[in-house]
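Novice: Dropping a prediction and its sequence here:
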Number of protein chains: 6
Amino acid sequence: MRLPQAYSGNVFICSSDDYASSKAVIYGMPMDYTVSFRPGSRFGPGRIREASVGLEEYSPYLDRSIVDLEYFDAGDLLLPFGNAAKSLDIIAEFVRGVLDDGKIPVGLGGEHLVTWPVIQEVYKKYPDLAILHFDAHTDLREDYEGEPLSHSTPLRKAAELIGPSNVYQFGIRSGSKEDWTYAQQSGIHFHPFVVAEPLKSELPSLAGRPVYVTIDIDVLDPSAAPGTGTTEAGGITSGELLEAIHAIARSGVNVVGFDLVEVAPIYDPTEMTPIVASKMIREMLLGFVK
Amino acid sequence: MRLPQAYSGNVFICSSDDYASSKAVIYGMPMDYTVSFRPGSRFGPGRIREASVGLEEYSPYLDRSIVDLEYFDAGDLLLPFGNAAKSLDIIAEFVRGVLDDGKIPVGLGGEHLVTWPVIQEVYKKYPDLAILHFDAHTDLREDYEGEPLSHSTPLRKAAELIGPSNVYQFGIRSGSKEDWTYAQQSGIHFHPFVVAEPLKSELPSLAGRPVYVTIDIDVLDPSAAPGTGTTEAGGITSGELLEAIHAIARSGVNVVGFDLVEVAPIYDPTEMTPIVASKMIREMLLGFVK
Amino acid sequence: MRLPQAYSGNVFICSSDDYASSKAVIYGMPMDYTVSFRPGSRFGPGRIREASVGLEEYSPYLDRSIVDLEYFDAGDLLLPFGNAAKSLDIIAEFVRGVLDDGKIPVGLGGEHLVTWPVIQEVYKKYPDLAILHFDAHTDLREDYEGEPLSHSTPLRKAAELIGPSNVYQFGIRSGSKEDWTYAQQSGIHFHPFVVAEPLKSELPSLAGRPVYVTIDIDVLDPSAAPGTGTTEAGGITSGELLEAIHAIARSGVNVVGFDLVEVAPIYDPTEMTPIVASKMIREMLLGFVK
Amino acid sequence: MRLPQAYSGNVFICSSDDYASSKAVIYGMPMDYTVSFRPGSRFGPGRIREASVGLEEYSPYLDRSIVDLEYFDAGDLLLPFGNAAKSLDIIAEFVRGVLDDGKIPVGLGGEHLVTWPVIQEVYKKYPDLAILHFDAHTDLREDYEGEPLSHSTPLRKAAELIGPSNVYQFGIRSGSKEDWTYAQQSGIHFHPFVVAEPLKSELPSLAGRPVYVTIDIDVLDPSAAPGTGTTEAGGITSGELLEAIHAIARSGVNVVGFDLVEVAPIYDPTEMTPIVASKMIREMLLGFVK
Amino acid sequence: MRLPQAYSGNVFICSSDDYASSKAVIYGMPMDYTVSFRPGSRFGPGRIREASVGLEEYSPYLDRSIVDLEYFDAGDLLLPFGNAAKSLDIIAEFVRGVLDDGKIPVGLGGEHLVTWPVIQEVYKKYPDLAILHFDAHTDLREDYEGEPLSHSTPLRKAAELIGPSNVYQFGIRSGSKEDWTYAQQSGIHFHPFVVAEPLKSELPSLAGRPVYVTIDIDVLDPSAAPGTGTTEAGGITSGELLEAIHAIARSGVNVVGFDLVEVAPIYDPTEMTPIVASKMIREMLLGFVK
Amino acid sequence: MRLPQAYSGNVFICSSDDYASSKAVIYGMPMDYTVSFRPGSRFGPGRIREASVGLEEYSPYLDRSIVDLEYFDAGDLLLPFGNAAKSLDIIAEFVRGVLDDGKIPVGLGGEHLVTWPVIQEVYKKYPDLAILHFDAHTDLREDYEGEPLSHSTPLRKAAELIGPSNVYQFGIRSGSKEDWTYAQQSGIHFHPFVVAEPLKSELPSLAGRPVYVTIDIDVLDPSAAPGTGTTEAGGITSGELLEAIHAIARSGVNVVGFDLVEVAPIYDPTEMTPIVASKMIREMLLGFVK
């Protein structure tokens, strides 16, 4: 018998079932072992997919429809619970394969530490890489209580790997004194508290460069995304995040990979967080994958 | 025995118990059979009434109190579950009676399809009718998967009935490619993404005309109204919706009917959605019913 | 115009709109000012009505349907917020009217203190009155921190009024040392922890007597009724409460009034508490009102 | 690249990725258009899969592990929203394929109407079929407000198809007077209110016969399964439902298909309903698929 | 044995355990007996402390860390339930002691009436006192249904005590006609609907003066703080409230006490309200306590 | 100034503020880093204390009041997030101090792994120790995915330390095949699925012996305790757990320490889980501490 094509909650809406012809590959990273406050983001990828069922296929912002774009949803990676190091290896291996196949990796988190192995792989392929980072937190710690594999650290690692001057941070409004000083003095393009305006100023200088975009959903105000572990007052609206995504889409940068992390559905019985996240994924697919 | 006057949860706060002397008539339309994503708006009208108990009687925006205005709350219409066609007939008949009695119908939804029979009746009485439509979605489909009675279609029907150039849409940010093209090319006064500013620009040209106002609560951002079936990121604040209502109130248009639809309480354990909706009803009563 | 008959959330399902011909009168008492732990029962009556929409009309337990019984829903009494004494007066006056009209009062709470004025009125008419009380708490305090009008006191007042030996308590599992001693020594028919079996033993001796039944929803285990202010582990199932109601219905006692109190919907996003409560009301209507 | 095997939220835990060698096939039916009270079961199958991640592989009740059994998860069928007739056709076609391939269909609902096309297909293959039905409701209506395709009707249709004397109902505690009379007089083996004991009495007479098992999760008490549309007080515990499943497993009947329906996650922020449902599926897989 | 220092949920993060050397004293006032709509703020202080565990110690807005500031958390005052008058006496006595010891009182509510005894004590010590009041409601009633001790009255009492011209109100958007007239005509510096801009205009004239800051969390929009009893659409964002706090911190006024009231956690399963409140407390500690 | 005695949410109700004269010491262990499914129990201890405010002081089951017993609440231990090994050391050191001071340790979890260091310390003092373990899960794994410090392992470690024949397990209904075999073959007194009856059979043989009681709240059915990470259908009622505690209290065993773990409040917006847990703590204090 010809088997049915799964849809609700199983794959991101309108995913192709043909890996070979797809330009982008969605994959989930259900890991939240290193978070410091409220865990639960391991269930984020599944709920973003579930919420995607409610999306229109067409983006009026970009005048493009996801039915005109081929992307594959690989499901969630099988990560060994509680073993962060091994989980990162599995992520790295998967993303390496996606990149080798000439496709754009589209990650769904999970905690933000999952971005670290992805950046390492993307950087191997694109040594000229720049990172656009949207977050409430610096994520610039060297370690957390002595543990270097923490969700507080991925951007520090990334900055040290690709050079701070290739990292652009937006919307940051929380961090330790040490993180903040590093952000200000290391050469990072650091734009705390605000997002859309400084982004638009920075983008022209990045035209043509390979860029990795990583969005921690907590860059949004708690009102717009309560379903995340460490929500921070004073954030931006979902409208401003859409504006940022659209600015990147129209900027001429070459987005070579992106992710959206830290959706923790249990804190949000309204489901607005996965719903908002699924729309951001649609807009990034349509805006970043040519 | 003289029976007590009911209050909590039963009628909108400060409703008169005298139909004859009332200028406006509130009625609920507990119907949600045609929604495509998350159903539940049939419980909206009851919860808006319940939330109204927490309202002050006085509007400092309009310097007027609902104790100085007589309106009647007719309760919810008795709609046959699952039978959309017959339900619309019942709504039409009721609204016809209200209009015949020279009163202003104030509808509480329920899914947006309920607005269709209301507009038909209002249009019969006011052939010069214009519609002000606030929504996240175009609601301009010809049908939904072949079904013409869908909550995706009421404004299309309305546009075809009264002429697209008499329809004004604000805040729209989701639709199919076809809907969007229709919105842009049919002659509709189409203002996607934004609300208060274009509304203020359009209002002068409508002065003196009969106007029907229909608000889908999802015109608000998910942060302000999570309790609705198909919430869309990038919406307006409740402050901007108040600004829009007040602009209409002060504009010199003749509001001959209005509704607020798609409150689905189950998605919002905080109850902020019916609470916000009840305030909008108060402001519309005070601003639109002279 | 002939006005429509309201239904959803406004009145208990299948209520008659003819007070005169009704045998029982439902009324809400939205009062919760004297509770000591988690307030919110003022919203109970409205939500019990809302939940009643989901009920079948027919009871397979009693082989009788609510369409074959006429009862009127008077809505909620208009109680002055925060003024317990005056609120009780209003309740008393209303119930007196219902009794004078030869009808059975069916109260929806609200906190348990609302039962006190009802019992006073019922006792005036039926000096031979017995009370069947189902609750997790004794409600036998003389006062609470010096205040005699407290939701901890109604049964004490009732016992002193009609004589402890005319009070039957079931399911009690919480109280102060003083309450407990009073319950055991005053002559009350006191059956702590258990419900159905002792009830069946007591009922034969009550045959033919006028009886008032008062159910605090917290007699149920927290698992069956989380939406109440002071939930107590170790309670009975909803099945056992149904069994108790049916035993009374079949016993030959003359139920002259009844109530169900302390539903506080905000603690129960599942809505199971008002749903269960609405079924108990249906069964009591069918079983107690001949 | 070799693609990863999806896991969390995508497929039922420990599903095989080899259809051909699987003995049973799990499939979701995300349909809830005909429900009369609280809709939302379309999201049930996805959440049951998500919850299955928390299951142990081993059943201590049956001393068997799901790693020792091969079953395939086909995902959710793609049903046209709002079109019940066409949805049932799609379900029928899929189940026919599964049966033709000699496998056992394991359905996840969705509203109970989805069981109707399944039974038709199973009956074609097994004319000697008996049905074991566990539910709070009779589901024996001929139609609902004139509509024959309603979630209140599937067992009536089934009884008329295979003969009432081949239908066994357990735990029923709600229905219309007409349904109840039909249940009692048609020849159905009708066991209202209770489950495990009458089931054990009936099973010996069914030994060796092909049996279809259909469980509406609302057979459980609201306390054990609040996440369903029409929850009914007075139900059984999850322990008793496990006991019933194990009794069937040990009885010698030949289970040729089964389903579990009506999980509506939005009403249950505790997630206990999909968690309980996923355990029942595990036990039925282990107990029914040899 | 040396006892451990408690942390989670017990004290505000980084509190000193040395009262003597602390400059500020946090204390909870778990009282909500006089609220008119949705009660529950008695649990606010405990949940604000619990949420504080998720805060960074460092404020990037003020470039200062709470580890560099000594403050003591005295826990919640033991208030006699239901006795407003006596509760206010206990609060007064406690605050008097804090002020006598030369420390800054930092109150956590509880309903807004708790601010009244605090202001009386602060005024005794600082006869030149000004009050900065951030709220959705005027709180200027003379009484509520005849009761002068109501959460609708504290600012009226305060205005009469210290003179209306020493009261500054921001963000107000709800009140009775009488309240509003009083606010406009009494000499209060009344800035309805808006916050940050008028505050910045007023602050220079207050430089050097002793100021008490009282924040009702409902000055925020419902989207940002759903967990409060009487939420009002049209409020400000948490970003604007931060801006207000920082403007005060930089203004040269002498903050001699402050509080944050009306957090009612039960209405907010997302926990965003106590999380936002805890950040505001951190910023006020860092900005106001030199 | 004499500081006020904290109460709400800060300490378990009626705790003494005198460590020296207390017979028992309550302490929280806010650790949940090793859980495999749904984390969040780190917030359990604080919420159990908060819920305790709603408790009566008197136990009618045991006819004793907590005001007649002196116990101290030490708050939560300060555990280094994410470092399980060091956290266990801190717990061990604290419990050693409590035992050295001749007091009974009363632990609030947190995940079940916290029981392991406690048992080690208790066993040092009482080499004749027996353990009574109430749980849905065996917790008998040697390791979890290679990690020996997992919440699946504490009872295995305990059994190996004190000898399997000194371990008594009740209510277990989930585990791996290996765990189950170990439970059955190692000499553990293993009573799967059931609790009260086998406990009563075992207790006489334990009279006079030092016993440690450890309760995982998930021994309760999901209906009675949804707020826990890994809830399992088929559990016992809160009434049966009370019965078990009372049986131990009356048995003549010498309870030298006890704990209650795995309350994870975020999964239970009804708050029934911490409410039930706080009652169990009251009963154990009254029943076990002489």
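Specialist: Right, received. Where do you want to start? Numbering: from 1, shown residues only, chains lettered A, B, ... in the order given.
Novice: what's around A:Leu161, how many residues?
Specialist: 15 (other CB atoms under 10 Å in any protein chain shown). From N, CA and C alone the C-beta is placed, and that goes for glycine too.
Novice: cool, and the one 5 residues further on?
Specialist: Residues within reach of A:Asn166, counting by other CB under 10 Å, total 21.
Novice: That one and A:Tyr212, how far apart?
Specialist: According to CB to CB, to the nearest Å, A:Asn166 stands 10 Å off from A:Tyr212.
Novice: Tell me the residues that contact both of the two, please.
Specialist: A:Leu129, A:Ala130, A:Ile131 (CB atoms under 8 Å, 6 or more residues apart in numbering or on different chains).
Novice: Which of those residues sits closest to chain C?
Specialist: Closest to chain C out of the shared contacts of A:Asn166 and A:Tyr212 is A:Ile131 (40.2 Å), distances taken as CB to the nearest CB.
Novice: Next, give phi and psi for the closest one.
Specialist: When quoted as degrees, to the nearest 10, the phi and psi of A:Ile131 stand at phi -120, psi 130.
Novice: coming back round to it: kindly identify which of the shared contacts of A:Asn166 and A:Tyr212 also come near chain C.
Specialist: When CB under 8 Å from any CB of the partner chain is applied, no member of these is adjacent to chain C.
Novice: got a markdown table for these, with distance to B:Ala244 too?
Specialist: Below are these laid out as a markdown table (distance: CB to CB, whole Å):
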| residue | distance to B:Ala244 |
| --- | --- |
| A:Leu129 | 45 |
| A:Ala130 | 41 |
| A:Ile131 | 40 |
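Novice: what's the closest of the residues you listed to chain B?
Specialist: A:Ile131 (23.7 Å).
Novice: ok so, going back, quick check: of the shared contacts of A:Asn166 and A:Tyr212, which lies closest to F:Ile266?
Specialist: Checking the shared contacts of A:Asn166 and A:Tyr212 against F:Ile266 with CB to CB, the nearest one is A:Ile131 at 32.2 Å.
Novice: Am I right that the closest one is in contact with A:Ile162?
Specialist: Yes. Proximity of A:Ile131 to A:Ile162 meets the contact threshold set by CB atoms under 8 Å, at 6.9 Å.
Novice: okay, and the common contacts of these two?
Specialist: A:Ile119.
Novice: three-state assignment of A:Gly227?
Specialist: coil (DSSP: H, G, I helix; E, B strand; the rest coil).
Novice: Sheet-wise, list the partners of the helix or strand where A:Asp259 lies with their directions.
Specialist: Assigned by DSSP states H and E, A:Asp259 falls within strand A:254-261. Sheet partners assigned to strand A:254-261 using DSSP bridges are listed as strand A:104-109 (parallel), strand A:210-216 (parallel).
Novice: Including mean pLDDT and mean neighbour count, could the ones you listed go into CSV?
Specialist: Converted to CSV, those look like this (pLDDT from 0 to 100; neighbours: other CB atoms under 10 Å in any protein chain shown):
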stretch, mean pLDDT, mean neighbour count
strand A:104-109, 97, 26
strand A:210-216, 98, 25
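Novice: which intervals of chain A have sub-threshold pLDDT?
Specialist: A:1-9, A:34-38 (pLDDT under 70).
Novice: Can you tell me which residues in it are near chain F?
Specialist: A:32-34, A:36, A:38-40, A:80-83, A:144-147, A:150, A:266-267, A:269.
Novice: try 7 Å this time
Specialist: A:Thr34, A:Ser36, A:Pro39, A:Gly40, A:Pro80, A:Phe81, A:Gly82, A:Asn83, A:Glu145, A:Glu147, A:Ile266, A:Tyr267 (CB under 7 Å from any CB of the partner chain).
Novice: Can I get the buried part of the residues you listed as one PyMOL selection?
Specialist: Listed next is the PyMOL selection for buried residues among the residues of chain A next to chain F, using 16 or more other CB atoms under 10 Å in any protein chain shown:
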select buried, chain A and resi 34+36+39+40+80+81+82+83+147+266+267
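Novice: ok, now which ones touch the closest residue to chain F within chain A?
Specialist: In chain A, the residue found nearest to chain F is A:Pro39; the distance is 4.0 Å by CB to the nearest CB. Shown in contact with A:Pro39 (CB atoms under 7 Å, 6 or more residues apart in numbering or on different chains): A:Asp32, A:Gly229, F:Pro39, F:Gly40.
Novice: closest to C:Ser223 among the residues you listed?
Specialist: Closest to C:Ser223, out of all of the contacts of A:Pro39 and judged by CB to CB, is F:Gly40, at 20.0 Å.
Novice: can you tell me how far the closest one sits from chain D?
Specialist: 12 Å (CB to the nearest CB, to the nearest Å).
Novice: Verify the stated contact: that residue with F:Asp268.
Specialist: No. Using CB atoms under 7 Å as the test, F:Gly40 is too far from F:Asp268 to be in contact (9.9 Å).
Novice: Now do the phi/psi pair for A:Tyr168.
Specialist: Torsion angles, degrees, to the nearest 10, at A:Tyr168: phi -120, psi 120.
Novice: isn't it right up against A:Ser201?
Specialist: No. A:Tyr168 lies out of contact with A:Ser201 (CB under 7 Å); the separation is 10.5 Å.
Novice: Compare those two (neighbour count), which wins?
Specialist: A:Tyr168 (22 against 11).
Novice: follow-up on the earlier one: which residues touch the strand holding A:Asp259?
Specialist: Residues contacting strand A:254-261 (CB under 7 Å, 6+ apart): A:104-112, A:114-115, A:118, A:122, A:126, A:208-217, A:248, A:277, A:280-281, A:284, A:288.
Novice: can we see that at 6 Å?
Specialist: Strand A:254-261 is contacted from outside by A:104-105, A:107, A:109-110, A:112, A:115, A:122, A:126, A:210-216, A:277, A:280, A:284, A:288, using CB atoms under 6 Å, 6 or more residues apart in numbering or on different chains.
Novice: Run through who's touching the host helix or strand of A:Gln184.
Specialist: Taking DSSP H and E as the criterion, A:Gln184 maps to helix A:177-185. With CB under 6 Å, 6+ apart as the test, helix A:177-185 has contacts from A:Thr138, A:Leu140, A:Arg141, A:Phe190, E:Tyr58, E:Pro60, E:Ser65.
Novice: right, and the second one touches A:Thr153 too?
Specialist: I take that to be A:Leu140. No. If you go by CB atoms under 6 Å, A:Leu140 and A:Thr153 don't touch, sitting 7.6 Å apart.
Novice: Looking at those two, which is more packed in?
Specialist: Taking other CB under 10 Å, A:Leu140 and A:Thr153 do not tie; A:Leu140 has more neighbours (31 against 23).
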